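In: What would the 3D arrangement of this be:
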Amino acid sequence: MSNVSSGGRHGDGSSAVAFGVTTFAGVVLTVVSIFQILEGITAIANDTIFVRGLNYTWQFNIQTWGWIHLIIGLIALATGIGIIMGQTWGYLIGIGIAGLSMLTNFMFMPYYPFWSLAVIALDVLIIWALCKEIANERTV
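Out: Predicted coordinates for the structure are as follows:
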């Protein structure tokens with residue numbers, strides 16, 4: 001006996017779970033984007049707050065990193081709001097922007113390692129949640 005009818009899944013709570021996972025991803029992406037924006041503004045306004053401990057392959061001026069974080073944060077903020085509003089484009093862009101955020105935070109690690117690791121962990125959760133939602137949409 002199947003719980004699937006012509007209107008989608010019913011009776012198993014999967015719609016509520018999918019909505020919850022998607023909302024979770026949108027909210028976490030929005031929060032991470034605000035962190036990125038604040039980190040970018042801090043680096044642009046006061047580049048002495050971040051101190052590089054190790055020599056690293058991709059060394060940029062701190063203000064350059066500030067602009068990178070600010071731009072990614074603004075795009076992520078718009079995407080997070082789009083996900084919360086249920087916009088399908090937000091899921092794919094959200095996965096891409098979270099992946100880009102992971103990459104830039106990996107490269108920013110010499111300047112602020114624990115913070116970069118925390119943001120990378122949140123980005124992994126965002127990607128997982130959005131991929132789960134996309135997989136749920138394909139099975140309905």
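In: In three-state terms, label residue 111 for me.
Out: coil (DSSP: H, G, I helix; E, B strand; the rest coil).
In: Skip the chain neighbours and tell me the closest residue to residue 82.
Out: residue 90 (3.3 Å; C-beta to C-beta, 6 or more residues apart in numbering). (C-beta placed from N, C-alpha, C; glycine too.)
In: And for residue 75?
Out: Going by C-beta to C-beta, 6+ apart, residue 75 has residue 97 as its nearest residue, at 5.7 Å.
In: and the residue nearest to residue 82, that one's in a helix?
Out: Yes. Using three-state DSSP, the assignment for residue 90 is a helix.
In: can you count the residues close to it?
Out: Neighbour count of residue 90, defined by other C-beta atoms under 10 Å: 23.
In: check contacts around it.
Out: Shown in contact with residue 90 (C-beta atoms under 8 Å, 6 or more residues apart in numbering): 26, 79, 80, 81, 82, 83.
In: Weed out the non-buried ones from those.
Out: 26, 79, 80, 82, 83 (16 or more other C-beta atoms under 10 Å).
In: can you put these in a markdown table and add secondary structure?
Out: As requested, those are arranged in a markdown table below (three-state DSSP):
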| residue | secondary structure |
| --- | --- |
| 26 | helix |
| 79 | helix |
| 80 | helix |
| 82 | helix |
| 83 | helix |
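In: what ranges do the strands span in the chain?
Out: 4-5, 8-9 (DSSP state E).
In: which stretch in these is the model least sure about?
Out: In terms of mean pLDDT, the lowest-scoring of these is strand 4-5 (a mean of 40).
In: on that earlier part again, who's in contact with the residue nearest to residue 75?
Out: Per C-beta under 8 Å, 6+ apart, neighbours of residue 97: 29, 72, 75, 76, 79.
In: Out of those, list just those in helices.
Out: 29, 72, 75, 76, 79 (DSSP state H).
In: What's the mean pLDDT across stretch 123-131?
Out: For stretch 123-131, the per-residue pLDDT averages 91.
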